[in-house]
Structures are given as C-alpha cells and as structure tokens.
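Novice: Structure, please.
(chains A and B)
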Amino acid sequence: MKVLMFGWEFPPHISGGLGTACYGLVKGLAHHHQDIIFVVPKLWGDEEPLADFVNASDVTIDYREKRFKKFWKNLTYLEVSSFLVPYLGPDQFKKYTDYAIHDRTDVDESVFSNKFEFSGKYGKDLMMEVSRYALVAAHISKSKEHDIIHAHDWLSFPAGIAAKEISGKPLVAHVHATEFDRSGESVNQVVYDIERAGMHAADHVVAVSQLTKNIIIKKYGVPASKITVLHNAVLDASIIKSSYQKKVPEKIVTFLGRITFQKGPEYFVEAAKKVIERDPNVRFVMAGNGDLLNRMIDRVAELRMGTKFHFTGFLKGDDVDHMYAISDVYVMPSVSEPFGISPLEAVRHNTPVIISKQSGVAEVLNNAIKIDFWDIDSMADAIFALLHYDGISKMFKELGTEELKKLKWEHVAEKLVTVYQKTLSQKP
Amino acid sequence: MRTICFYFQVHQPYRLKPYRFFDIGDDHHYWDDFSNRSIMRKVAQKCYLPMNALLLEMIHKYNGAFKVSFSMSGVYLDQLEAYAPDVLESFQKLVATGHCELLNETYAHTLAALKSKDEFQSMVKKHQEKIKKLFNGYQPKVFRNTELIYSDQIGAMVAEMGFEAILTEGAKHVLGWKSPNYVYCNSIDPKLKVLLKNFQLSDDIAFRFGNKGWEDYPLTTDKFVKWINDVPEDEETINLFMDYETFGEHQWAETGIFEFMKALPEAVFSKTNFTFSTPSEVAAKIPPVGKIHVPIPISWADEERDLTAWLGNDLQDEAFDRLFEMEELVKSIDDDDIQRDWTYLQTSDHFYYMCTKFFSDGDIHAYFSPYESPYEAFINYMNVLSDFMIRVKEKISEKKASQLN
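Specialist: Down below sits the predicted model:
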C-alpha cells in the first residue's frame, strides 16, 4: 500500500512527542513493507531513510492554477490569528523564534510560481505555514501516486484535507493531542475548528488513547464507530543501565516535562511538601521549562522547601538520561495527557512511576501507581510508599520492564494497516 | 565649623557560577572566578586605579586639607588580593597619607545585623582584623553597616562594640522636617553619633551627574558650590556618601566626573567657608543636636529606603532563612573552606539578585545582576546552598566520629 503521510516534524529535528511518534509509526510500517511518502514542512537531510521524504519547502507551486486559488481563498483566513503557539508560552516562544525565525519570501499572487521556505517550527507565522503547507499538499497529492492519506495532528490536517480533495483518496486523521489537552477549557477557536474539520473530513480517525477517543466523541462530535484507538509504543524496550551515579545521599523524586497547565506541575509541588514534612531525606526535582516555571519557584519558596526542591531548567541529551537514572520515583501528574511517553522512559531506567489517571499511558502501563492528578494526598502517599516500601518498587521494576517489551511499534503498525484496509474497503 | 564629608563604598561580591542540580554533592567550588576576576579588572581600569591616583594627587596638592573616607568590604579586599594587588597597593598609599579614613563594616557585606547579633559582631571583628593586617595596623573608629542599613537596635549593637559613630541614610520618612546636615545620636545609646547621608547632593553626583535629561545638567563645580552655599548657615556638615564605582563606572569618564572632582576642592576653598573632614572628625568636632529615632531598619536603597531590595519576597526570605539556620552548625566547624564559603554566601548581593520589585521597570537592579531573572538567581543560590548544607553536615558527623574515637 502507498501511504501519503503528512507530519510536522521528524527526528532528529523535533521539539515534541509528535515527531517521535511519527518516527515509530513509520518504522513500524516499513517493517510491514508499506510504502510511505512522508511530507514535512522542512527536511534537514539527516533523517533516517525509512520513507520517501518530501520537503515541502522544495515544492514549487503554480499559483495561477485555478484549483489552488480556490484553496488559497479558503485558507487565507487562517493567517488572521497569527500569534498562535501551540506548545510554547509567549515568553519561551519569543526566545525560541529569535533564532527559529527564518527569512521569509512572501508569496504574492502576482508572482506566478514560487517556493516557500517553511521553518517547520511552532513559530510566529505558524498559521501561515499551516495554510501554505496545505497548498503544497494539494500539489504533492497531484504528482505523487498514493492509495491513502494519513495526517498527523491539526497542523497537517488542512494538508490532509487538501490532498484528499485533489486525489480523492481516503483520509485518516491521527490525533496525538487535542486543543483541550493543550489549553484546558480556554481553547483556541481557530485550532479547534481545524481539528474538527480534519476529523470530520477524515474517513477514519485514529486516537492515541481511549481518553483521547472520548474527547473526540464528546467535544468534536465524531461517531465512536469512526475512531480506532492505537496506543503509542516504545522504539526500544531494553533496560538502560547508566553508569551515572547520583551525588547526593537523599532519594530523588522527579517531574520531567514542560512546566505548563497540561502537565499539572502544581500538584507535584504540593505533594512534595506533604512528603518532606514526613520524610526530610528526599529531594524533589522539577526538570523542564514552561510558562508556569516562575510560579512554581515562587510556590516552592513560599512553602519554604527551597533546599529540598530543585529546578534544573530544560534538560537535553545525556542530562535527560542522567535525570532518569538518579531518580528513585518518577511522577507524571498530567491534568490531561493524550498519551505521555515519558513514564515509559522512566521504566526503561528501572525507575518506578506514578502516573495520573488522566493520561493515555495509564491504559497500557499496569505496573505503575495511578492517581487522580488533583489528589495530592494520594500522590504523597504513593511517593512515600515507593520510597520506603521496597517490595512495591521492586515489583514495579521487574514487571514494568516486562510490560514495556509488549509495546512495540510493529504491533501498532500492524493494527494501522488493518485500519487502512478497512477504510479503503468502505470507500465506494 | 562647616564641612563636607566624603565617604565612598567599595564593594564587589563573589558572584556564583552557574551551579546546576547535578553539581550538588559533587562540585564544591561555587565561585565564578572568571567573571569575578574580569569584572574586578574592568572596574579597576575604569574606576579604582584612575580615581585612587586622582585622590592621591589631590591629597598631596592640598596638603591634607582635602580628605576622604572609604569602606571596603572584606569580600572586596579578598578579591583585591587575588585579582588586583595593584589596586590594593594604591589604597594602601592613600591610607598612608593619613588623610584617608577607613571605616569598619562587616567582612561579608552581610545582612546578619537583621538576624543574629553574634554573627554580625563576629563579621565586624573579622573585618577589623583584615584592615589591621592590610593597612599597617589601622584601627577604624567609625562603622557603616551593609547598604547603610540602620535601626536603633543596630546602632546599640555597634555602640556596644566601642565605635564612636555610624553612617546611615538621611531617609525622608525618618527625618521628617529635620535636616540630615547635623550630627545626631543613637536613641538607645547616645554615645554613638549618627551621620546622615545628604541624599539630594550625594545623588546629584552619584546618579544624576551624567544624565542629560536632568534639568541641572551639566553639573559644574560652580553650580555645586552655589548649592552648598544655599544650605542654612547653622547646618554644619554635608555628608556625601556614595558608591566608589560612581567615578568612571556608573558615571563614565566621558561625563567629566573626574574633572569635576579634581576641580571641586579649589571651588570649595575659594568660594565657601566649608572644609573637608572624615567621618571620625565630624563625629569628634560637631556636637549632636539630638537623638534620631529609627525603630524600623532603613537603608540607602531605592525610593523606599527600606530593606525590600534584599528581603521580603518569598524567594529572598527562603534563601536568607535557610542560610542562617546553619549559623550554629557552621560556628562549630573549624574548616577554612567552610568558613570562607559561609562568609561569601552571606553577601547581600545574592539576595538583591532575587528582588522582584522592579520587574516591569527598566531597572537599576537588572544592571547589577548577572542573572536573567530573580528566579534564576534563586535556583542557582539554592542549589549552591544545598551543597553547602551537605558539606556542613558531613563535617559535623566527621567531628562526632572523631570525638567518639
């Protein structure tokens, strides 16, 4: 089968989990001998050759073509809300774009034919990039032969819709996260509209968890029969043995992720206070960056636990592995997490995990303590138990790693192929 | 007698290097040697060396009729020894003229006066010894506390240590209708004279000198002399207290600040009946007019002249309280490295970097901070403090173990 796939990022150049998931999926599909045309706004040239990669920045579009004009007319409205950043707060965003911003040659309709240099980031002109990406998609779907179209998350949904309109092939919309996960109830209407349009235009929808499926049904009005849950997997389930040693005598409890509303950092801080009151020989670490960071620092100071609760800032490379390696407990208190791959990374480092029931990963990981994100008493209890009762943590370590081995991208891809086949067979 | 009293504050903190969570328990060197050294060298070239040379020239020229005073923190003197022995030598020459008075302060440029009498007094003694050692047995008679922080209680502690006088801010909210141009005395122990900074005239030099938007720009010696002549005849002392870095660093050489200072004595001698005195001379010669009541501590910082630049927000209070919780433990440890780090960690600048008061303003705080935000300052300090706490605990248990054997 030939799959025309639209993503937004691909390893090694990624800023979030989307790229990693796309990589796993493509790798799994390659294992099952599927042909994939993978389109990203910007290619860097060092991607693993698993698919026929198409760099949207290289595609030349003839703007005179009538069909494109029609798309463009429908799409230009997207640019209105230009300062939209899905994954970064305004402060981080500014820092980010200071170097991420590119020299853009604006496309004028009077220019007959042009290329557009995408940044492929989550930047200032994101909406413009999303709409132009759709235009490029339409062009690609005309020139590249394919059986089915697969679009990942809202950024590439307009591209998926455009491709479908041109080629008439069925569209699978893959939802890795919804606007409700990112923003709570204060959703960005433009993003929501794109998500909704994508899900409804799609012939089938793939959700990364039952949790996400429920949101899609409830908030986006998509019938349950049109949605299949495909949980994410891990690229490598092997145990990571790190030689990195911790330098402090105390046990370490870790939160690692973006410090934003979605990740529930404040519940971790409150639970930390409760644990420290009972057991002073613990250090808490909040690793990451985000728009709630300063508020968390203020709260830690206010709770007078500044010498027991540490902030590392954004970690990269080896530091991430080191952090997992020296952690005695890993906590993911997400308020809303479509999947959440990081607890699985913790398990690979033999670190017992506590995850919120409001996360997709809770559906596949049994050997973990699951709590409601808001229940700081239970969270504190669980942290205390994993630190002090070796029986549970030992069991989690052993059984958790066994569970991990079952989470393979080949299995996910196999199910995905079935979804493709079913979708194709339904298509008249 | 009418006189002008110059006092210059000379201080540089030991800045912390970026110290990460992963360093806790592993890396026990906290200080940013590179930036401490390069800042010291930079300010030495722009301020300390040229200004010291100018002052020496002026003292010689007027045969001692022109005189100044300095307070140099212990952490500053340590850095002079390490990075700028040439500057130290030029200060020694100035002091040797006999027309340059040195004031006592705390070694660490600490805020300990607000927390622990014991620690405060030990930091004062430590500073005293340092001055004695570096300046040929010199013994200061006048005290100035970190950032001119003063209250009745602090004054009483200082009096108890035998000082004749203390310097502080002529804060409006304390003075009310009173003038800073008199000598006052401490309200608990009247033996201690209190000299107040004339912030109007001091800040004309220290802050406004090079400001082209200021209505009195440019400030000439003629103008300045006219202003001091306008001071009522019975007001006897004008205390001009400022950071020494005013000369060449806060006010660049291009502003003409050096030429202004060079010309000032001549203008004062020829056009006024003012002389120049050091703080101990002012305290000895001018009788106090009355007690000054300062129940709540004041300082020379910001418009509020209070402590909020260093203490009061959660970040600052948490850092300060955690540090001073260690006081008793640290005292019991006989270890040079621990004592040195304990001293350097007390320096008020660390807490100043955590100030959130001026978040929105284009602020003076940001200019002096090596951190991008008060939050970064807090994180870095707490990481260092966490490591320091581990070391202190280890030393204590080593000590206990050796006592058992």
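Novice: need the contact list for A:His150.
Specialist: Shown in contact with A:His150 (CB atoms under 8 Å, 6 or more residues apart in numbering or on different chains): A:3-6, A:160, A:171-172, A:174. All C-beta spots, glycine's among them, are computed from the backbone N, C-alpha and C.
Novice: what's the helix or strand for it?
Specialist: strand A:148-152 (DSSP states H and E).
Novice: Partner strands of that strand, with direction?
Specialist: strand A:2-6 (parallel), strand A:171-175 (parallel) (DSSP bridges).
Novice: Direction-wise, compare whatever helix or strand comes next after it with strand A:148-152 and give the angle.
Specialist: Using DSSP H and E, the next helix or strand after strand A:148-152 towards the C-terminus is helix A:153-167. On the basis of axes from the mean of the first three to the mean of the last three CA atoms, to 10 degrees, helix A:153-167 is oriented at 160 degrees to strand A:148-152.
Novice: ok, which residues in the stretch 101-250 of chain A are in contact with chain B?
Specialist: With the criterion set to CB under 8 Å from any CB of the partner chain, the stretch 101-250 of chain A comes near chain B through A:246-249.
Novice: I only care about those that end up buried; give me the PyMOL line for that.
Specialist: Of those, the buried ones can be selected in PyMOL as follows, counting by 16 or more other CB atoms under 10 Å in any protein chain shown:
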select buried, chain A and resi 246+248
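Novice: Show only the entries of the residues of the stretch 101-250 of chain A next to chain B found in strands.
Specialist: Among these, DSSP state E puts none in strands.
Novice: of the residues of the stretch 101-250 of chain A next to chain B, closest to A:Ser425?
Specialist: A:Lys246 (54.9 Å; CB to CB).
Novice: Look at the closest residue to that closest one other than its chain neighbours and say how many residues are nearby.
Specialist: Excluding its sequence neighbours, the residue lying closest to A:Lys246 (CB to CB, 6 or more residues apart in numbering or on different chains) is A:Ile326, at 3.7 Å. By other CB atoms under 10 Å in any protein chain shown, 22 other residues sit near A:Ile326.
Novice: likewise B:Lys42?
Specialist: Count around B:Lys42 with other CB under 10 Å applied: 12.
Novice: For B:Glu249, see how far away it is.
Specialist: 8 Å (CB to CB, to the nearest Å).
Novice: got it, and B:Glu81?
Specialist: B:Glu81 sits 21 Å away from B:Glu249, going by CB to CB.
Novice: what about those two, which has more around it?
Specialist: For B:Glu81 and B:Glu249, the more surrounded residue by other CB under 10 Å is B:Glu249, and the numbers stand at 18 against 13.
Novice: residues touching the more buried one, list them.
Specialist: Contacts of B:Glu249 by CB under 8 Å, 6+ apart are B:43, B:46-47.
Novice: ok, the residues you listed vs chain A, which is closest?
Specialist: Ranked by distance to chain A (CB to the nearest CB), these are led by B:Val43 at 29.9 Å.
Novice: Confirm that that closest one lies within a strand, as I assumed.
Specialist: No - assigned with DSSP: H, G, I helix; E, B strand; the rest coil, B:Val43 falls outside any strand and is helix.
Novice: now the residue of the stretch 301-428 of chain A found nearest chain B, what's its secondary structure?
Specialist: Proximity of the stretch 301-428 of chain A to chain B (CB to the nearest CB) peaks at A:Ala301, 3.9 Å away. Using three-state DSSP, the structure places A:Ala301 in helix.
Novice: How about B:Lys399?
Specialist: Following three-state DSSP, the label given to B:Lys399 is helix.
Novice: Would you confirm that it contacts B:Ser332?
Specialist: Yes - applying CB atoms under 8 Å as the test, B:Lys399 and B:Ser332 come out as touching, 7.4 Å apart.
Novice: So for those two, which sits in the more crowded spot?
Specialist: Of the pair B:Lys399 and B:Ser332, B:Lys399 is the one with more neighbours under other CB under 10 Å, namely 14 against 10.
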